[in-house]
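1. one predicted model, sequence on top.
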Amino acid sequence: MSTEVSYPPGPRGLPVIGNTVELSRDIFAFFEELRDEYGRIASYEVFGTDSCMVAHPDAIQQVLLDDHEAFEKGEVLTRNLADAMGEGLFVSGGEQWQSQRTQVQPAFYRDRLNTYVSEMRATAEETVKQWHNGRVVDVNDTMTATTMDVLGRTLFGVDVTENPIVSEASDAILARFDTSRFWSFLPDRLPTPTNRRYRQKLDELQQFVDTLAQQRRQQQPENRGDDLLSILVGFVEASDLTVEEFRDNMVTFLFAGHETTALGLTYTLLCLAQHPDEQATLRSEVDSVCDGSVTAGDLPELERMEHVIDEALRLYPPVYMFFREATRDVTLQGYDIPAGTTLVLPQWAVHRDPEWWEDPGAFRPDRFAGESDHPEYAYFPFGGGPRHCIGMRFARMEMKTVLATIISEYSFELASDPEPDLIASTNLKPDEPIKIELQEW
Ligand code: HEM
């Protein structure tokens, strides 16, 4: 067998703009076509930058886990997000990231998170209380508001309706980095309306976080409450985190945790609305597991619900792709990848690859029941390896709590397009409202 290696194959676009046009026309189709025409490791060029799609599960595992130290987040991401969260977990690298991850991880242990379930349930109950038989609900809007409320209570320990800066800043940051809009590629210093609003809201959010932190410091630790801000303030006092790391992580949790979870819920409700039989199955699971309202202890027993969420996140991964940059020359699946190459890991194309998923477009929660028959890294909605999503358990607990609260009161029918247009924004977003019509059981 030949040991010769070569650069991955791929389309060659026009000089300078490379494959940029095809990519921006339909990014989802672009990666699926690249995979089908050139293979699961394929190269392309965007604005003169050599990029490589990594869509083979073994290679994804190599990048995220086995050889993770040979890859970093990449200069563009680091530079773009530096002001807002450069010292935080999502952006930092090397030893700074390693030590922070070790410090902050305990705040996301199950026992800690269990204390948030009552807040998550109370928020979901407040949402459902406003509903009635026959009402048509805009799912994405409602889940965006509900998850914002949950983050306000669990992250900052505040009511977001009284502190609108939290949601205003979240919106302004997401708008600034909305990769489906050309302005996200313009430098921060250009005084566009989006940039100005971003700067202003980021400053206000940082001041808000500083003020809350000062207030907590004036309280005895036992009186501070369980929110993440209080826990992180404790780490600063113990000199385990710097003040900048603390502040950037608060912004990071808001940026990384809000829209993603809202979308996870939105797509799960979309899939359920298309499958009324599955709603009935979940309803009887919730009835048999929960004695009244759902509690933290009930969540691990909601197994079918877990599989439904897994399958919705396969079909509609809120994070539909992410990047790495090779820090040295590496070989992936026999191909030679030079140092400095930008790698894209596209959940969308891997989660829908017929090589690993039979009838990939079909919603089948059973795929996740029992022994799995797909390679581990054919499914990575929360990333993988040491930098996997620190908020994964938080998000799963929240999704289950909110879904259990809804499903115990209502069944629902889809009242909008069953195949909504999707848009490759910072996250995978519906480009039109997803609506359900409620029916009391
Ligand atoms: C359904 C909801 C969510 C999805 C799909 C999701 C997805 C992801 C993915 C794919 C990554 C890896 C990115 C990479 O390796 O480049 C990630 C990282 C991260 N996520 Fe999430 N996330 C979700 C919810 C949350 C929540 C609720 C929080 C916080 C409360 C959070 C905080 C973070 C942080 C801090 C990182 C960076 C971790 C590190 O590099 O050490 N995420 N997330």
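-> Noted; the coordinates are in hand.
2. use CA for all of it now, contacts and neighbours both
-> OK.
3. give me the low-pLDDT residue ranges for the chain?
-> The chain contains residues with pLDDT under 70 at 1-5, 13-18, 20-21, 23-25, 181-188.
4. list, one by one, the residues from it near the ligand.
-> Contacts of the chain with the ligand, taken as CA under 6 Å from any ligand atom, map to 89-90, 101, 252-253, 256-257, 260-261, 264, 318-319, 322, 381-383, 387-392, 394-395.
5. among these, which ones are buried?
-> Buried members of the residues of the chain next to the ligand, counted by 16 or more other CA atoms under 10 Å: 89-90, 101, 252-253, 256-257, 260-261, 264, 318-319, 381-383, 387, 389-392, 394-395.
6. in helices, which of these fall?
-> Arg101, Thr252, Phe253, Ala256, Gly257, Thr260, Thr261, Gly264, Met392, Phe394, Ala395 (DSSP state H).
7. can you confirm Arg247 is in a helix?
-> Yes: if the criterion is DSSP: H, G, I helix; E, B strand; the rest coil, then Arg247 is within a helix.
8. who's in contact with Pro381?
-> Shown in contact with Pro381 (CA atoms under 8 Å, 6 or more residues apart in numbering): Leu313, Arg314, Pro317, Pro318, Val319, Tyr320, Gln347.
9. what of Leu212?
-> Shown in contact with Leu212 (CA under 8 Å, 6+ apart): Phe156.
10. SS state for it?
-> Here Leu212 is recorded as helix under three-state DSSP.
11. distance check, it against Ser411.
-> 40 Å (CA to CA, to the nearest Å).
12. one more: Ala107?
-> 35 Å.
13. of these two, who's got more company?
-> Ser411 (20 against 17; other CA atoms under 10 Å).
14. help me confirm that Pro433 comes into contact with Asp138.
-> Yes: counting by CA atoms under 8 Å, Pro433 does reach Asp138; the two are 6.3 Å apart.
15. can you pick the most crowded of the contacts of Pro381?
-> Highest count within these by other CA under 10 Å belongs to Gln347, 30 neighbours.
16. who's in contact with it?
-> Gln347 sits next to Pro317, Val319, Tyr320, Met321, Tyr379, Phe380, Pro381 when contact means CA under 8 Å, 6+ apart.
17. which one is the first one nearest to, not counting chain neighbours?
-> What that stands for is Pro317. Pro381 (5.6 Å; CA to CA, 6 or more residues apart in numbering).
18. in the stretch 101-250 of the chain, which spans are helices?
-> For the stretch 101-250 of the chain, the helices defined by DSSP state H, counting those that start in this stretch cover 110-114, 117-129, 139-151, 165-176, 193-217, 228-237, 243-274.
19. make a markdown table from the ones you listed and add distance to Phe28 to it.
-> Putting the helices of the stretch 101-250 of the chain into a markdown table (distance: least, CA to CA, whole Å) gives the following:
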| stretch | distance to Phe28 |
| --- | --- |
| helix 110-114 | 34 |
| helix 117-129 | 32 |
| helix 139-151 | 21 |
| helix 165-176 | 20 |
| helix 193-217 | 26 |
| helix 228-237 | 35 |
| helix 243-274 | 17 |
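20. compare these and give me the one nearest Thr426.
-> Among the helices of the stretch 101-250 of the chain, helix 165-176 comes nearest to Thr426, with 6.9 Å by CA to CA.
21. which strands or helices does the closest one pack on?
-> Judged by 3 or more CA pairs under 8 Å, 6 or more residues apart in numbering; DSSP states H and E, helix 165-176 is in contact with helix 193-217, helix 243-274.
22. rerun that using 7 Å as the cut-off
-> Secondary-structure packing of helix 165-176 (3 or more CA pairs under 7 Å, 6 or more residues apart in numbering; DSSP states H and E): helix 193-217.
23. in the helix it packs on, what's buried?
-> Buried, per 16+ other CA under 10 Å, within helix 193-217: 194-199, 201-202, 204-206, 208-209, 212-213, 216.
24. now, the most widely separated pair of those residues?
-> Thr194 and Arg216 (32.5 Å).
25. can you give me the offset of stretch 304-321 from its chain's centre?
-> 11 Å (CA atoms, centre = their mean, to the nearest Å).
26. show me what that stretch is in contact with.
-> Here stretch 304-321 makes contact (CA atoms under 7 Å, 6 or more residues apart in numbering) with 260, 263-264, 267-268, 271, 282, 344-348, 351, 363-366, 368-369, 379, 381, 400, 427-428.
27. which of the residues you listed are buried?
-> So, by 16+ other CA under 10 Å, the buried ones in the contacts of stretch 304-321 are 260, 263-264, 267-268, 271, 282, 344-348, 351, 363-365, 368, 379, 381, 400, 427-428.
28. can you show me the helices along the stretch 251-400 of the chain?
-> Counting by DSSP H, counting those that start in this stretch, the helices of the stretch 251-400 of the chain are 276-289, 303-315, 347-351, 392-407.
29. highest average neighbour count across those?
-> Each of the helices of the stretch 251-400 of the chain was assessed for mean neighbour count using mean count of other CA atoms under 10 Å. The highest is helix 347-351, with a mean of 28.
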